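>>> no FASTA, just this:
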């Protein structure tokens with residue numbers, strides 16, 4: 001039941017890589033044994049076609065999202081990777097300007113990309129250095145980094161195999177805390193929260 005509101009769409013903004021990596025990413029999220037997210041969200045996944053447009057192009061991502069949703073501006077969750085993070089953050093800000101709601105922005109290895117917005121932002125990094133140095137450009141809310149480090153493409157291809165630390169930010173009452181988990185478990189936790 002959606003109480004008259006449009007269903008949340010999940011837009012995947014891949015980087016510059018073989019499309020099979022993104023299919024593997026989605027399959028691993030779906031097979032994560034902690035995944036209690038209703039399987040219906042996979043019916044609302046939009047995959048930006050990086051074989052046709054530059055992964056880093058905010059304008060093309062925004063146009064693609066508009067084509068897929070028609071005149072509606074449903075709530076959207078962005079999941080982006082590498083060069084796709086650069087395009088996705090611009091598209092997310094543009095979506096809000098058009099009257100859409102961004103429920104969350106999840107950036108995989110968006111190293112060097114400033115991430116700011118009026119919506120929850122989460123960074124997922126393939127190693128501690130990327131986690132630490134990316135935070136200088138906008139740490140966002142809860143984040144994840146692989147430990148031991150994994151290869152950049154493996155983080156996207158195999159989130160079930162990417163183990164590491166879910167970083168809970170410090171609050172007034174509680175210092176920063178960490179929970180050992182996988183990238184897939186972390187993403188599925190976020191999807192349960194925001195869908």
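Sure thing, it's come through. It should be emphasised that the depicted structure is a prediction, and the values quoted were computed from it without experimental measurement.
>>> what residue of this protein is the furthest out?
residue 173 (28.2 Å; Cα atoms, centre = their mean).
>>> would that residue count as being in a helix?
No - read with DSSP: H, G, I helix; E, B strand; the rest coil, residue 173 is coil and lies in no helix.
>>> for the protein, which helix is longest?
Ranked by number of residues, the top helix in the chain under DSSP state H is helix 83-97.
>>> what's that one in contact with?
Contacting residues not belonging to helix 83-97 are listed as 11, 13-16, 48, 50, 54-62, 65, 73, 76, 78, 80, 102, 105, 107-110, 113-115, 117-119 [Cβ atoms under 8 Å, 6 or more residues apart in numbering]. Using the backbone N, CA and C atoms, a C-beta is placed for each residue, glycine as well.
>>> 6 Å instead, please
13-16, 55-58, 61-62, 78, 80, 102, 105, 107, 110, 113, 115, 117 (Cβ atoms under 6 Å, 6 or more residues apart in numbering).
>>> of those, keep whichever come out buried.
Using 16 or more other Cβ atoms under 10 Å as the burial test, these include 13-15, 55-58, 61-62, 78, 80, 102, 105, 107, 110, 113, 115 as buried.
>>> can you read off the pLDDT for the nearest residue to residue 162 once chain neighbours are set aside?
Residue nearest to residue 162 in three dimensions, not counting chain neighbours: residue 183, with 4.1 Å by Cβ to Cβ, 6 or more residues apart in numbering. Among the per-residue scores, residue 183 shows a pLDDT of 97.
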